[in-house]
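> would you be able to build a 3D model of this:
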Amino acid sequence: MRRPDTIEHLYLDFDGFFASVEQLRDPRLRGRPVGVIPYVGGRTCIIACSREAKARGVQNIMMVDEAMAKCRDLILVPQKPDLYRRAHNALVSVIGSVIPIDQIKSIDELSCALDAAARRAPSDTAHNIKQAIRYEIGATVTCSIGFAANRHLAKIAGGTQKPDGLSIWWPDEAEKHLHKLKLEDIPGIGKAMHKRLLRMGIYDVKGLMALQPKHVRAIWKNVTGERLWYTLHGYDVQAPDTQRNMFGHARVLPPESRRIDDARDVARLLLVKAARRTRRDNFYATNLYLWLRGYERGWGDILALPQVNDDHAVLAGLNILWNRVIPLLPRDVRILRVGVTLGDLVPSSARQLDLFLKDDDQRQRCERIGNAIDGLNSKYGSTVVSVGPWQPPKGGNVGGKISFTRIPSAEDFW
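Numbers count the residues shown, from 1 in each chain. You can find the predicted model right below:
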């Protein structure tokens, strides 16, 4: 395993991305505390907040009541996922004009592999990126940038100087910087793992790094711990490629639409969106999972599918699951959140028909109908044709919600 002797990676993280894009869109919000929320009205939480709001004690995933108590002049703005998607694409284009982008890690994070010039002058590279964003996009959108020997260390470095910061961790200095951090500051150490480390007498990053790699692997109970040890010690660890195994969508229901029938309508729309994504990426699903969440508990069930991706088949599966789950619900239940997942994917090139079903002719007809519907919707850039009714709930964003981990496509908003 190679251990670089110089910086080789840049990691960029936008500061309060969703809130800063809102400030870019509306000049009246600039310089003021902003909190992005899922919908207007009802009891909800802050999805993202501006640097001005953070300075007043507001945090992401904080209930609105608590946030308003900390910051009485907090401005609440309903989410606009398609706006954030377009802003992301514009920013990627601008940054790519300065330095080639290696990986898009999420809608507000990306990494770059450094060439010889960037390794010699990382401060100049960071300055050029920040200037390009400022003058090509807008001054409200800022980013924190970290440089290090590997991508993980660069991410950690960038997180130590937020907002609008710059951190350069040369290999011979990285360990010194790491020892100043808390265990919970390290990506990959969540709350549960932090508690496990404390129980084992590991109280700081220095103590974790002093262990042997196999010991860390044993603590994590998988190879992830060993990989983390090597990345913290500056090795160039390449994470294995991941294989997509599911397409899913979830939605928080508006306060006035939390009845059973409302939840079923939204589940239906979410599932059609997931099926469309499955078709676009040339997969077939072999199971369907439905889950509902009330205020105090949740319910769910799973159904095996015979390698399908057409709307008729997945909606028929939803009907079966719905009839299983509904009898379990209290009569007066209020549904807070609903989600569906098409899982255990099979690439279209590896699909095998079920010999016992003998439904190939019917299935092919349904798939041709689905392809025709997809073609029409693509032509007009909207859902103009659907199997059954198409009535998105108040606030829209069914299948195209705000997301930190996935960059939505334009089709997600049709």
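
> strands of the stretch 201-350 of the chain, start to end?
246-252, 283-293, 298-308, 337-343, 346-347 (DSSP state E, counting those that start in this stretch).

> what strands flank the third one, and is each parallel or antiparallel?
Just to be clear, that refers to strand 298-308. Here strand 298-308 is paired, per DSSP bridges, with strand 283-293 (antiparallel).

> off-centre distance for the partner strand?
From the chain centre to the centre of strand 283-293 is a distance of 19 Å (Cα atoms, centre = their mean, to the nearest Å).

> for it, give the mean pLDDT please.
Here strand 283-293 scores 94 as its mean pLDDT.

> could you check the angle it makes with strand 337-343?
160 degrees (axes from the mean of the first three to the mean of the last three Cα atoms, to 10 degrees).

> list the buried residues in strand 283-293.
283-286, 288-293 (16 or more other Cβ atoms under 10 Å). (C-beta placed from N, C-alpha, C; glycine too.)

> below-threshold pLDDT in this structure: ranges please.
41-43, 241, 354-359, 394-405 (pLDDT under 70).

> break it down into its domains, please.
1-170, 179-242, 247-413 (automatic domain parsing).

> for Q79, give its distance to T44.
10 Å (Cβ to Cβ, to the nearest Å).

> shared neighbours, those two?
37-38 (Cβ atoms under 8 Å, 6 or more residues apart in numbering).

> hmm, back to that, the buried residues of strand 283-293: which two are farthest apart?
Y284 and R293 (27.8 Å; Cβ to Cβ).

> and stretch 213-220, C-alpha only, in PDB?
Taking Å, rounded to 0.1, in the frame of the first residue of the first chain, the C-alpha atoms of stretch 213-220 are listed here in PDB:
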ATOM      1  CA  PRO A 213      -4.600  -1.900  12.200                       C
ATOM      2  CA  LYS A 214      -5.900  -5.400  12.900                       C
ATOM      3  CA  HIS A 215      -7.000  -4.200  16.300                       C
ATOM      4  CA  VAL A 216      -9.000  -1.400  14.800                       C
ATOM      5  CA  ARG A 217     -10.500  -3.900  12.300                       C
ATOM      6  CA  ALA A 218     -11.600  -6.000  15.200                       C
ATOM      7  CA  ILE A 219     -13.200  -3.100  17.000                       C
ATOM      8  CA  TRP A 220     -15.200  -2.200  13.800                       C
END
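
> contacts for that stretch, please.
Identification of contacts with stretch 213-220 by Cβ under 8 Å, 6+ apart yields 193, 196-197, 200, 202, 208, 211, 223, 225-226, 228-230.

> and stretch 186-197, by the same measure?
By Cβ under 8 Å, 6+ apart, stretch 186-197 touches 152, 155-156, 159, 183-184, 203, 205, 208, 219-220, 224, 228, 232.

> let's see 7 Å
Stretch 186-197 has contacts (Cβ atoms under 7 Å, 6 or more residues apart in numbering) with 152, 155-156, 183-184, 205, 208, 219, 228.

> so what's the nearest residue to I104 once chain neighbours are set aside up against?
Sequence neighbours aside, L110 is the residue nearest to I104 in space, at 5.2 Å (criterion: Cβ to Cβ, 6 or more residues apart in numbering). Contact analysis of L110 by Cβ under 7 Å, 6+ apart lists 12, 92, 101, 103-104.

> also E52?
Contacts for E52 (Cβ under 7 Å, 6+ apart) come out as 31-33.

> by neighbours, which of the residues you listed wins?
Neighbour tally across those (other Cβ atoms under 10 Å): the maximum, 23 neighbours, falls on P33.

> check contacts around that one.
Here P33 is in contact with 50, 52-53, 56, 58, 71, 73-75 (Cβ under 7 Å, 6+ apart).

> now do 10 Å
19, 49-58, 67, 70-75 (Cβ atoms under 10 Å, 6 or more residues apart in numbering).

> now, of the domains of the chain, which is deepest in the fold?
domain 1-170 (a mean of 18; mean count of other Cβ atoms under 10 Å).
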